[in-house]
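**Student:** give me the fold of what follows.
(2 chains)
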Amino acid sequence: KAGVTQTPRYLIKTRGQQVTLSCSPISGHRSVSWYQQTPGQGLQFLFEYFSETQRNKGNFPGRFSGRQFSNSRSEMNVSTLELGDSALYLCASSANGDQPQHFGDGTRLSIL
Amino acid sequence: GQQVMQIPQYQHVQEGEDFTTYCNSSTTLSNIQWYKQRPGGHPVFLIQLVKSGEVKKQKRLTFQFGEAKKNSSLHITATQTTDVGTYFCAEKKSSGDKLTFGTGTRLAVRP
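**Tutor:** Residues are numbered from 1 along each chain as shown, chains lettered A, B, ... in the order given. All right, here's what the predicted structure looks like:
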């Protein structure tokens, strides 16, 4: 069974730009969650999508948004990038959200 | 953002010594999960605890869920260099709720 796939693996952007990250969950998993990981703040929950609906949301500004498609693939978008958005963005899929989460390798985003 | 407190933040042990990390929540939990993240890697699921007072073992790792379902611990017996990494607890307050990760405990092992 293929694992969680995140693309791209690395991304460099400048302040003010916007970015879209992609996540393909494990086949059959309906829940996709996104996390931001930084050395200072640890693993911060962004949002969770389940069956194309946002089921849970973390405490991030509206610049961070996401969506999930009918095949459970998910995208995360960050607009008006700030230096503080530099981080590793991790996607995790779960069968139904209550089952253990399986993480992808992440997208490392650097803002210049 | 809100996070679950884990202690210690960092621990450096000699290979063969034991290691314990503790996770404390302010509320009663539905379940608690434990993950391990190796340096440069992504978190990998270790175990899920659901019942009050539950104890589960995986080889040298022992996981406990408190009687009040507000705290948990992970104990590693006779650490090895392969145990190096950051251990996270993650709490879920109710079914369907988000998974909130703890602050993590970074374990270093001297060979």
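**Student:** only C-alpha atoms for contact and neighbour calcs from this point on.
**Tutor:** Fine.
**Student:** isn't A:Gly97 up against B:Gly96?
**Tutor:** Yes. In this structure, A:Gly97 is within contact of B:Gly96 by CA atoms under 8 Å, at 6.4 Å.
**Student:** the two: who's more crowded?
**Tutor:** A:Gly97 (23 against 14; other CA atoms under 10 Å in any protein chain shown).
**Student:** ok, B:Ile32 - contacts?
**Tutor:** B:Gln48, B:Leu49, B:Val50, B:Phe65, B:Ser72, B:Cys89, B:Ala90, B:Glu91, B:Lys92 (CA atoms under 8 Å, 6 or more residues apart in numbering or on different chains).
**Student:** out of those residues, which comes closest to chain A?
**Tutor:** B:Gln48 (7.4 Å; CA to the nearest CA).
**Student:** what's around that closest one, how many residues?
**Tutor:** B:Gln48: 19 neighbours (other CA under 10 Å).
**Student:** mind checking the SS state of the residue sitting nearest the centre point of chain A?
**Tutor:** For chain A, A:Trp34 is the residue whose C-alpha lies nearest the centre (CA atoms, centre = their mean; 3.4 Å). Three-state call for A:Trp34 (DSSP: H, G, I helix; E, B strand; the rest coil): strand.
**Student:** so what's it up against?
**Tutor:** A:Phe45, A:Leu46, A:Phe47, A:Glu48, A:Met76, A:Tyr89, A:Leu90, A:Cys91, A:Ala92 are the contacts of A:Trp34 under CA under 8 Å, 6+ apart.
**Student:** from A:Gln36, how far out is the first one?
**Tutor:** When distances are taken as CA to CA, to the nearest Å, A:Phe45 and A:Gln36 turn out to be 7 Å apart.
**Student:** out of these two, which sits in the busier spot?
**Tutor:** Between A:Phe45 and A:Gln36, A:Phe45 has the larger neighbour count (other CA under 10 Å), namely 24 against 21.
**Student:** hang on, isn't that one packed against A:Asn56?
**Tutor:** No. Counting by CA under 8 Å, A:Phe45 stays clear of A:Asn56, with 9.2 Å between them.
**Student:** identify the contacts common to those two.
**Tutor:** Common neighbours of A:Phe45 and A:Asn56 (CA under 8 Å, 6+ apart) are B:Lys98.
**Student:** flag the shaky bits of chain A, pLDDT-wise.
**Tutor:** Applying pLDDT under 70 to chain A picks out residues A:1.
**Student:** ok, 90 please
**Tutor:** A:1-2, A:39-42, A:96-99 (pLDDT under 90).
**Student:** near chain B, which residues of it are found?
**Tutor:** A:41-45, A:48, A:55-59, A:90, A:97-98, A:100-106 (CA under 8 Å from any CA of the partner chain).
**Student:** sort out which of those residues are in helices and list them.
**Tutor:** Judged by DSSP state H, those include no members of helices.
**Student:** show the buried residues in the residues you listed.
**Tutor:** A:42-45, A:48, A:55-58, A:90, A:97-98, A:100-106 (16 or more other CA atoms under 10 Å in any protein chain shown).
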